[in-house]
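Asker: Structure, please.
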Amino acid sequence: MARNPGRSWAPSASGATGGSAGSSGGRPHGRPQLPHAKRAWPVWHRSVAGQVFALQILVVLLLVAAAVLALVVQSHKDADNEARNRSVSVAQTFANSPGMVEALRSPDPTAILQPKAQSARVGSGVDFIVVLNNQGIRYTHPNPARIGQKFVGTYEPALHGQVVTEHITGTLGPLVQAVVPVYAPDGQVVGLVSAGVTLANVSTASERQLPVVLGAAAGAIGLATLGTALISRRLRRQTRGLGPIEMTRMYEHHAAVLHAVREGVMIVGGDGLLLLCNDEARRLLDLPPDAEGRPVTELGLEEAPLELLTANRQVTDEVVLAGERLLAVNVRLTDQAPDGPPGCVATLRDSTELLALSGRAEGAQRRLRLLYDAGVTVGSTLDVTRTAEELAQVAVPRFADFVTVDLAEQVMAGEEPPVGSSLGRMRRAAVAGVRDDAPFYPVGTVLDVVPATPLAGALHSGEPGLEPDLAEALQWRDQDPERSAQVLAYGVHSLVRVPLRSRGVLLGVARFWRAQRAEPFETDDLALAEELVSHAAVCIDNARRYTREHAMAVTLQHSLLPRSLPAQNALDVAHRYLPAQAGVGGDWFDVIPLPGARVALVVGDVVGHGLHAAATMGRLRTAIHNFSSLDLPPDELLGHLDELVNRIDQDDAVTGENAGLTGATCLYAIYDPVSRRCTLATAGHPPPAVVDPEGRVVFPELPTGPPLGLAGLPFETVELELAEDSRLVLYTDGLVEDRDRDIDEGLELLRSALAGPPRTPEQTCADVLGAMLPAHPQDDIALLVARTRVLAPDQVAEWDVPSDPAAVGAVRGEVARRLEAWGLDEAAFVTELILSELVTNAIRYGSGPIRVRLLRDRALICEVSDGSSTSPHLRYAATEDEGGRGLFLVAQFADRWGTRYTATGKVIWTEQPLE
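Answerer: Sure thing, here's the model as predicted:
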């Protein structure tokens, strides 16, 4: 730091502190610190050149103003004298002109004198020449209209021979007029002459000098501006381009930093004089108040620091002893710079305080690092036990040698902890330590909390506890005296216990033990343990809540899925359902027997996860069962299901339970074992896989409709003819699609897993999951494999019936013979009765063609079809009604009955048990 020329850093005569040594507000040594309070009025910073320039401008302006004022005053005075002299001279000259007296005594003085007066006025430059008689009546005037009027002004003294001059303000403005007498040869005053001049028409020398004065002032200002520019440029070079604001700010910052920094600063000149030292340097070296300006050799410094200050060499972090302090000294020479002054700058740091401070900072950094690692590590999963293990592992060995975590048994099961402010029983959830042979309870041990122990008190109050010396503490041993003795014998000497609390609920307790580390736990360690446990408690409570909700969702989901497949002979079915590892999805499947030995296969997937998805899945599955009981074709069933999903979305939007759309995909297929035809319709669901008996795999092209809840358009169906022993594979997208593969790749993997020799549906499910199941499923997987069967021709009988009531008897006979061939003689009477009623109704109320079909499956199925879409209704017939009892008898004798609509009409069917 260079010393400013012309400024001394030595203390003033009043003392270095600028005040008495004993004043409480003063600084102990050195220059007085600049005040930091805001100034009452803003200060406009100007450079020296600018201030000189302003002063010059001010002086020039004052001189110009004085000169102009003097010229104006002189000009007014000269103008008055000039006007006075000119008016008197003109008036006297005209009064003494030849023929003046004769003209005044003539009968018409105006006719003689008016032309002369006007000629004289123009020639003399005055504004008017007026001739008066002794009574003041005008004989002449520049304005002829005023001739003969009374003279305005003082003229009486002129009648006595005096010359009268006066200032008046006339019609022409301010003017000076003179009145002189006209003498006759006998000395008698025979008339008067007045002449006047306005002051505005009088030009003086002073007025002519005013431009010269102003020009000189402008020249002076220009010279001052040029001089200021030269001086400012010179100052800019000397101050290295710093303006007054920057220099003021630099000085203020220099003073603030110099006296506030916790590092001693000293500037020593080339002659060995101490030019500057701040307060910290005075404190570290114990310098006298008048140290500045004195040689450093006379300041009483010890040899080591004095040698560094006078060695004229650079020093970097050299530690020397100064009294009881270890000082780290840095010295930099100032004359090594091209324009630097001779001397050096030294900085001093108290290494003793820095060492203690660095130790505290290092300890704080370790604690912060531990808390950061705990925040990242603890709670990585939503598993209660794993979270407790993470808490124990993160604290060993950086904070404790051993950590044990005990939780309420209900918490570990995902249930609500017991009500109350204390826990009577806990289970050990985690143990971690630097060694494996510590005498602590193993994981899974049930602990009964003994009342009146520190552990029970901590659980009851929720406050952490500290036992710095376990050997001297006695009450903690009451929990288990034998185990406590083993712990002490092992070398454990200090303990911190912190209850696990979250959202006002007591979950358990975490205990930190020290054995190998010699220092005991302190109060600061207690605060750190609280921070660790508070974060872990929130994570454990979150895991508990998740475990509880997940268990509820899984239970709900399992209760909504089919527990067993219904008995039927059309398909040999196997299925698999695998829930996702995280969350509960809305995938489902179903196998629904239909009339006519047909079977419906359903696979669907609700968008999203959680309870809402599972509940929506249950509602859709129930709706499909209800719609299937109506024996609707797949496209109509999906249409009704789409309307249901839309209503669910609207209800949820109104109640605010679900902001988004529900949405679901579904594939619905009906297989007929008589015709071997499979009718399918899909709503946004992946297509099924069809495996023929030779092992070839195809994915039939289906007209894929939009997902349920987004459609509003009709769905389309496709019919497939399946050979016997074909396999129909239905699945959800969790099987073929995940984060690591797209659906096309998944479909190819599924094709490879299904291709090959014939296998049972069970074996097919096992092979598909073994080849395609992801390591960590992110979505539910539903898989349904159905192998087709065909109803044998001898199990089916069909007859065409003419539209004639007489044909009913022939049909009954054919049916009786077929039942006898099937060995169902006992069912012949009831079957004939049912068919008689159904065929009679078809002939009477329906239209042709009429057909009768008998199917021998798990039940005896009777079907009567006709071309009418009118369906009969079951009702009670009145006493006087002639009809209406036949359908009632059919419902009484048949196990089930119903109506199925077809593209050409309807089918009335009944089922009778064969047992």
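Asker: Can you tell me what sits against the helix or strand harbouring Val101?
Answerer: Here Val101, judged by DSSP states H and E, is contained in helix 100-105. Helix 100-105 is contacted by residues 94, 109, 112-113, 116, 131, 133, 139, 182-185, 190-191 when judged by C-beta atoms under 8 Å, 6 or more residues apart in numbering. (Each C-beta comes from the backbone N, C-alpha and C, glycine too.)
Asker: mind listing what's buried in that helix?
Answerer: Buried residues in helix 100-105, defined by neighbour count with 16 or more other C-beta atoms under 10 Å: Met100, Val101, Ala103, Leu104.
Asker: Downstream of that helix, the next helix or strand is which one?
Answerer: Using DSSP H and E, the next helix or strand after helix 100-105 towards the C-terminus is helix 109-124.
Asker: what is the rounded mean pLDDT of that following helix?
Answerer: The average pLDDT within helix 109-124 is 85.
Asker: got the contact list for it?
Answerer: Helix 109-124 is contacted from outside by 86, 90, 93-94, 97, 99-100, 103-104, 106, 127-131, 133, 139-140, 142, 144, 147-148, 191, 195, using C-beta under 8 Å, 6+ apart.
Asker: The contacts of helix 100-105 in helices, which ones?
Answerer: Phe94, Pro109, Ile112, Leu113, Lys116 (DSSP state H).
Asker: Nearest to Pro341 among these?
Answerer: Checking the ones in helices among the contacts of helix 100-105 against Pro341 with C-beta to C-beta, the nearest one is Phe94 at 88.9 Å.
Asker: Let me see the contact set for the closest one.
Answerer: By C-beta under 8 Å, 6+ apart, Phe94 lies in contact with Met100, Lys116, Ala117, Ala120, Ile129, Val131, Val193, Ala195.
Asker: Show the low-confidence segments of the stretch 101-250 of the chain, by residue range.
Answerer: Scanning the stretch 101-250 of the chain for pLDDT under 70 picks out 203-210, 213, 238-244.
Asker: and the helix holding Val101, C-alpha only, in PDB?
Answerer: Extracted in PDB, the C-alpha atoms of helix 100-105 (Å, rounded to 0.1, in the frame of the first residue of the first chain):
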ATOM      1  CA  MET A 100     -38.700  84.200 -33.400                       C
ATOM      2  CA  VAL A 101     -39.900  87.300 -31.600                       C
ATOM      3  CA  GLU A 102     -41.600  88.600 -34.700                       C
ATOM      4  CA  ALA A 103     -43.300  85.300 -35.300                       C
ATOM      5  CA  LEU A 104     -44.600  85.300 -31.700                       C
ATOM      6  CA  ARG A 105     -46.000  88.800 -32.100                       C
END
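Asker: Return the distance of that helix from the chain's centre.
Answerer: Relative to its chain's centre, helix 100-105 lies at 112 Å (C-alpha atoms, centre = their mean, to the nearest Å).
Asker: Then stretch 833-845?
Answerer: That offset, for stretch 833-845, works out to 75 Å (C-alpha atoms, centre = their mean).
Asker: what's the spacing between stretch 840-860 and its chain's center?
Answerer: So, by C-alpha atoms, centre = their mean, the centroid of stretch 840-860 is 71 Å from its chain's centroid.
Asker: Buried residues, that stretch. List them.
Answerer: Residues of stretch 840-860 classed as buried: 841-843, 846, 850-857, 859-860 (neighbour count, 16+ other C-beta under 10 Å).
Asker: Backbone torsions only: list them for Ser803.
Answerer: phi -80, psi 60 (degrees, to the nearest 10).
Asker: Contact partners for it?
Answerer: Ile843, Ser847, Gly848, Ile850.
Asker: Now render the contacts of Phe94 as CSV, adding distance to Leu276.
Answerer: Listed next are these as CSV, based on distance: C-beta to C-beta, whole Å:
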residue, distance to Leu276
Met100, 98
Lys116, 96
Ala117, 93
Ala120, 90
Ile129, 89
Val131, 95
Val193, 91
Ala195, 85
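Asker: Would you mind listing which of the residues you listed are buried?
Answerer: Buried members of the contacts of Phe94, counted by 16+ other C-beta under 10 Å: Met100, Lys116, Ala117, Ala120, Ile129, Val131, Val193, Ala195.
Asker: and the second one, how far is that from Ala891?
Answerer: Read that as Lys116. Remark: distance between Lys116 and Ala891 (C-beta to C-beta, to the nearest Å) = 157 Å.
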